[in-house]
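Undergrad: Quick one, what's the 3D model for this:
(4 chains)
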There are 2 protein chains.
Amino acid sequence: MGHPDIRSHAPLTHGDLKVDGSGYLYDAAMRRAVVEDAGEGSVEVFEALAALRLAAKRIHDAMERFAEGHGLSESRLRVLTRLCHRPSRQLPLGALAEGMDVTPRTMTDIIDVLERDGLVKRVPDPADRRSVQAVITEAGLERINAMRRDATTKQAAIAQGFTADQLVDLRHLCLLLVRNLSGDAEGS
Amino acid sequence: MGHPDIRSHAPLTHGDLKVDGSGYLYDAAMRRAVVEDAGEGSVEVFEALAALRLAAKRIHDAMERFAEGHGLSESRLRVLTRLCHRPSRQLPLGALAEGMDVTPRTMTDIIDVLERDGLVKRVPDPADRRSVQAVITEAGLERINAMRRDATTKQAAIAQGFTADQLVDLRHLCLLLVRNLSGDAEGS
DNA sequence: TCACTATAGTGAGTGTCCTCACTATGGGGC
DNA sequence: GCCCCATAGTGAGGACACTCACTATAGTGA
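TA: Below you'll find the model as predicted:
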């Protein structure tokens, strides 16, 4: 039952970080590329955005690699985790899709695989017969519990060297971006 | 001939941002989900990471939508932009792949489409006959130039309300994360 | 000159996520 | 009862990026 094989995928050009005069990190290769991309736009904006995207990609890759080590993908891991934290150990597909910011159709696929692997079961909801509940199985719970300690360790590694304030800042700045991207696109 | 159709894809649960007691943004739905996910780990870490990923996704979606409005995808737009900023108007596929943090194989696909649309031409490199140069065509240049003004406007909208310091902070924090994720995975 | 190894690009196949279209059920009005 | 529309999930098909395996060229070194 082949897993997709994410494996290391050596960091390409980006990744050799340097510190500028004021103590802030930057990536030389990225800065070069950004200058080429930006043209008339603000270079700072581009560079921040590029850094953000690089970080997101690396986080995604790391999560994927971690999950893959336990026979899951990142999405499937997130579903399992969510179900496991539920007192009832179950959730309708639609709710799962919303919570993970994917389309309902995608959740169908994710649950398909999870069910095929015996980690989740589809159960019709007697209260609303359109709805299908995803219920985590014993095997699913075992899988998650086996990953627990491991996960906590990795998390700590990721946030190594971050102060609480920095984490709040990071969240705030990212959500500022989200807000700018939500309302407008052509609005005021 | 058939673009993929990214269109709006209404923001799901996430996106209704609030401000906490100290003036920092947070997303109620996200915080709820994070608490469920986190378990023993640090909630702050999870929430910052979730915010970062949400921002990355929104940026990606916005860029994709923008590019699609001009008959391109985000990747193809980036390739064209890069080529266009090159004095020689060309670059080998491998260099493009590196600069964009994708595998060489993926760049082959991207160039395939660009070439099919007449925006780029493959030209063998006489100096190194293994190498293939991607050269932007007249049509490609026109396409890019038509997007220019539009792009600058969007950029400004994204960074609306950001100070220069905040942009540097954002970059720095993201690259800190990148650095944490680069060396280890299991190292100290 | 003949390996021997590294590099550039591509063919073949996979996984994930998306959109569109469709079925089935729920919940009104009338 | 019936009609109308919204909602939950899925089938079909596509875009994108990845892996592995392969070819062709380059650059050594015996």
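Undergrad: what about residue A:25, how many residues close to it?
TA: If you count neighbours by other C-beta atoms under 10 Å in any protein chain shown, residue A:25 ends up with 19. C-beta: built from backbone N, CA, C; applies to glycine.
Undergrad: repeat for the one 3 residues further on
TA: For residue A:28, the count of nearby residues is 12 (other C-beta under 10 Å).
Undergrad: Relative to DNA strand D, how far out is it?
TA: Going from residue A:28 to DNA strand D by C-beta to the nearest atom of the strand, to the nearest Å gives 21 Å.
Undergrad: do the same with residue A:67
TA: Plainly put, residue A:67 is 15 Å away from DNA strand D if you go by C-beta to the nearest atom of the strand.
Undergrad: can you map out the helices along chain A?
TA: A:28-38, A:43-68, A:74-85, A:93-100, A:104-116, A:138-158, A:164-183 (DSSP state H).
Undergrad: got a list of contacts for the last one?
TA: When contacts are defined by C-beta atoms under 8 Å, 6 or more residues apart in numbering or on different chains, helix A:164-183 is touched by residues A:52, A:159, A:162, B:11, B:14-15, B:17, B:22, B:24-27, B:44-45, B:47-48, B:51-52, B:54-55, B:58-59, B:61-62, B:157-162, B:166, B:169-170, B:173-174, B:176.
Undergrad: Weed out the non-buried ones from those residues.
TA: Among the contacts of helix A:164-183, those classed as buried by neighbour count (16 or more other C-beta atoms under 10 Å in any protein chain shown) are A:52, A:159, A:162, B:14-15, B:17, B:25-27, B:44-45, B:47-48, B:51-52, B:54-55, B:58-59, B:61-62, B:157-159, B:162, B:166, B:169-170, B:173-174, B:176.
Undergrad: Excluding residues flanking it in the chain, which one is nearest the closest residue to DNA strand D within chain A?
TA: Scanning chain A for the residue nearest DNA strand D gives residue A:94, at 2.5 Å (criterion: C-beta to the nearest atom of the strand). Excluding its sequence neighbours, the residue lying closest to residue A:94 (C-beta to C-beta, 6 or more residues apart in numbering or on different chains) is residue A:104, at 5.7 Å.
Undergrad: Next up, the contacts around the one you found.
TA: By C-beta under 8 Å, 6+ apart, the contact list for residue A:104 reads A:93-94, A:97.
Undergrad: Identify the bridge partners of residue A:132.
TA: Beta-bridge partners for residue A:132, by DSSP bridges, are residue A:124.
Undergrad: Now do the same contact list for it.
TA: A:92-93, A:122-125.
Undergrad: Spell out which residues of chain A are next to DNA strand C.
TA: A:2, A:4, A:73-76, A:101-103, A:105-106, A:109-110, A:113, A:128-130 (C-beta under 7 Å from any atom of the strand).
Undergrad: hmm, try it at 10 Å
TA: Within reach of DNA strand C by C-beta under 10 Å from any atom of the strand, chain A has these residues: A:1-6, A:60, A:64, A:67-68, A:72-76, A:78-79, A:97, A:100-110, A:112-113, A:124-131.
Undergrad: For ChimeraX, write the select line for the buried members of these.
TA: Paste this into ChimeraX to select the buried members of the residues of chain A next to DNA strand C, with burial taken from 16+ other C-beta under 10 Å:
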select /A:6,64,67,68,72,73,74,75,76,78,79,97,100,101,102,107,110
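Undergrad: Excluding covalently adjacent residues, which one is nearest to whichever residue of chain A sits closest to chain B?
TA: Proximity to chain B, evaluated over chain A using C-beta to the nearest C-beta, is greatest for residue A:56 at 3.3 Å. Closest residue in space to residue A:56, ignoring its immediate chain neighbours: residue B:56 at 3.3 Å, by C-beta to C-beta, 6+ apart.
Undergrad: these two touch, right, residue A:84 and residue A:140?
TA: Yes - using C-beta atoms under 8 Å, residue A:84 is in contact with residue A:140, at 7.4 Å.
Undergrad: quick one: which of those two has more around it?
TA: residue A:140 (24 against 18).
Undergrad: and the more buried one, what pLDDT?
TA: Predicted confidence (pLDDT) for residue A:140: 96.
Undergrad: now it: how far from residue A:90?
TA: Residue A:140 sits 11 Å away from residue A:90, taking C-beta to C-beta, to the nearest Å as the criterion.
Undergrad: Need the residues touching each of these two.
TA: Joint contacts of residue A:140 and residue A:90 (C-beta under 8 Å, 6+ apart) are residue A:83.
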